[in-house]
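Visitor: Just a sequence and a predicted model for now, questions to come.
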2 protein chains.
Amino acid sequence: MSILENIRIVLVEPIFGGNIGSVCRAMNNNDITDLAIVNPRPTTDWDDARKLSCNAKDQLEARKEFATLEEAIAGCTVVAGTSARTGFYRDNACSPREFGQIGLESAKDHKIALVFGREDKGLTNEELALCTHIIQIPSSEHYTSLNLSHAVMVCCYELFCASETFQPAEEKADEADSEFRERMFALWREMMIKTEFTHDQKLEHMMMGLRRIFSRGKLTVPDVKILMGLAKQSIWVSEQWQKTIKDK
Amino acid sequence: MSILENIRIVLVEPIFGGNIGSVCRAMNNNDITDLAIVNPRPTTDWDDARKLSCNAKDQLEARKEFATLEEAIAGCTVVAGTSARTGFYRDNACSPREFGQIGLESAKDHKIALVFGREDKGLTNEELALCTHIIQIPSSEHYTSLNLSHAVMVCCYELFCASETFQPAEEKADEADSEFRERMFALWREMMIKTEFTHDQKLEHMMMGLRRIFSRGKLTVPDVKILMGLAKQSIWVSEQWQKTIKDK
């Protein structure tokens, strides 16, 4: 079982069905599946929720509903509330990144919960008092109020990154070794001479420039092959041109 | 001028007005203000855009519109395209976190751009070819397709974090020093004896437990005052109780 399955996202009295759907999608993008809703509103637009959940309709349908926050977090060790405001009980918050480490460590062996408040009023002091941690998402001092699904996205993203589940796309092509690179530089040197791009005096200076340009990132074997092919062709054209001149 | 003002968010042919509005809000939450839209669709629901932009209506109205991606990124040094897919041209992508550092470094002196594709088809290979960097957002191998505004949120969040603009809420109260803490522990020791909570043999063991519990996080001066007050009151009650017994 994946550690991420031990993470429960708890929404307290969310107003907009669309946000609930977007939350499901954000969770699904990060392999987090357990959604709980506290005291769902009778006015919730579930059609909107389904629409915005996209490929995460299963998560939406599998949601658990609870009358109170206490019931939604029962059995969880770490319980993190999110808050944009600061003040009494709300200082000493941790960042989503810090919580990514803390939460994941606890989720190895226990169920944990992340609690998100209402779109308009967030969590009450009484609800925050049930939390072991407070997460404050970095945001502009001019506008700290995040969309509910954006707040969930940032927290899930940090937990997902911390889980190191994700394997970034890697360059599959092999990196070129020095001997292969030097064969390319020799061809480029020849190209500079044959095309009469530069004269002897400036040649080594230009070569240093080229070496610098081509050393800013890794060069793969296919990269070097392209660069060699281009030089060879240019050399060939220059030789044809020289012949034409001589033939005249 | 803030470095973040040098960052342009470019949306290529977005389909849903609601997403454009949500993007504005996400940008505003992270002090990023420059929005460009490439080839806006005549069918765009701008009412929806305004509704979902919330407090970021100014950003939405100040958007720039361009016919082509080339025009939208003209003048930008670093141009980062986002892609969920991998493959030719798309390998060697960087994470949003890595790009946070790279992008911000360049934004110190130059305009940079982050480019996001259509909701259904992303960016074309020709559009990615105009980019100096490719950002791949970590996501579930089962579901890599992020909502447009979620993708923008994660990238803006990483740039905002890298800018270190945000000052987390800090505990304003002073941390208690050892002498003050020891006065508290002495009172708790007295409370344990006076309430007859524990007998001599176990007392030091219990005290070690308490010291461990109260050392898991920083204790501030107000924290220690609460703990001292509680102990004093409990000692007082115990003394009253002892008197009652004697008086009987």
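Guide: That came through, no problem.
Visitor: How is chain A divided into domains?
Guide: Following automatic domain parsing, one gets these domains for chain A: A:3-163, A:178-247.
Visitor: for those, which one sits closest to chain B?
Guide: Closest of those to chain B is domain A:3-163, at 3.7 Å (criterion: CB to the nearest CB). Where you see a C-beta, it was placed from the backbone N, CA and C, and this is true even at glycine.
Visitor: from the middle of its chain, how far away would that closest one be?
Guide: Offset of domain A:3-163 from its chain centre (CA atoms, centre = their mean, to the nearest Å): 18 Å.
Visitor: what's the average pLDDT for it?
Guide: Along domain A:3-163, the predicted local confidence has a mean pLDDT of 93.
Visitor: How about it and chain B, touching?
Guide: Yes: counting by CB under 8 Å from any CB of the partner chain, chain B has neighbours in domain A:3-163: A:22, A:25-26, A:28-31, A:52, A:54-56, A:86, A:90-93, A:95, A:97, A:136-140, A:142-147, A:149-150, A:153-154, A:157, A:160-161.
Visitor: on that earlier part again, any chance of a markdown table for the domains of chain A, columns distance to B:Arg183 and mean neighbour count?
Guide: Converted to a markdown table, those look like this (distance: least, CB to CB, whole Å; neighbours: other CB atoms under 10 Å in any protein chain shown):
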| stretch | distance to B:Arg183 | mean neighbour count |
| --- | --- | --- |
| domain A:3-163 | 23 | 20 |
| domain A:178-247 | 61 | 13 |
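Visitor: among those domains, which is nearest B:Arg63?
Guide: Nearest of those to B:Arg63, taken as CB to CB: domain A:3-163 at 17.2 Å.
Visitor: and the domains of chain A as CSV, adding distance to B:Glu13?
Guide: Listed next are these as CSV, based on distance: least, CB to CB, whole Å:
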stretch, distance to B:Glu13
domain A:3-163, 19
domain A:178-247, 30
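Visitor: among these, which is nearest B:Pro14?
Guide: Going by CB to CB, the one of those nearest B:Pro14 is domain A:3-163, 15.7 Å.
Visitor: Can you give me the end-to-end span of that closest one?
Guide: With CA to CA, to the nearest Å applied, domain A:3-163 spans 8 Å between its terminal residues.
Visitor: again, but for stretch A:25-40
Guide: In stretch A:25-40, first residue to last residue: 19 Å (CA to CA).
Visitor: helix/strand/coil for A:Glu190?
Guide: Three-state assignment for A:Glu190 (DSSP: H, G, I helix; E, B strand; the rest coil): helix.
Visitor: Now it: closest residue in space that isn't a chain neighbour?
Guide: Once its chain neighbours are removed from consideration, A:Glu190 has its nearest residue in A:Ile235; the separation is 5.6 Å (CB to CB, 6 or more residues apart in numbering or on different chains).
Visitor: Verify the contact between that neighbour and A:Met191 for me.
Guide: Yes: between A:Ile235 and A:Met191 a contact is recorded at 5.3 Å, counting by CB atoms under 8 Å.
Visitor: thinking again about what came up before, shouldn't the residue nearest to A:Glu190 be within a strand?
Guide: No: under three-state DSSP, A:Ile235 sits outside any strand and is assigned helix.
Visitor: Now for it: which residues touch it?
Guide: A:187, A:190-191, A:194-195 (CB atoms under 8 Å, 6 or more residues apart in numbering or on different chains).
Visitor: rewinding a little: among the domains of chain A, which comes closest to B:Ile245?
Guide: In terms of CB to CB, the element of those nearest to B:Ile245 is domain A:3-163, at 36.9 Å.
Visitor: sec struct for A:Ile102, please.
Guide: With three-state DSSP as the criterion, A:Ile102 reads helix.
Visitor: wait, isn't it in contact with A:Val78?
Guide: Yes: the pair A:Ile102 and A:Val78 qualifies as a contact (CB under 8 Å) at a distance of 6.9 Å.
Visitor: okay, and the common contacts of these two?
Guide: Here A:Ile102 and A:Val78 have A:His133 as joint contacts, going by CB under 8 Å, 6+ apart.
Visitor: If I look at A:Glu171, what pLDDT would I see?
Guide: 67.
Visitor: where exactly do the helices run in chain A?
Guide: Shown for chain A, the helices assigned by DSSP state H span residues A:17-29, A:46-53, A:57-61, A:69-73, A:96-107, A:125-129, A:148-163, A:178-194, A:200-213, A:221-247.
Visitor: Any idea which of the ones you listed gets closest to B:Ile73?
Guide: With distances scored as CB to CB, the stretch of the helices of chain A nearest to B:Ile73 is helix A:200-213 (22.0 Å).
Visitor: Fine by me, thanks again.
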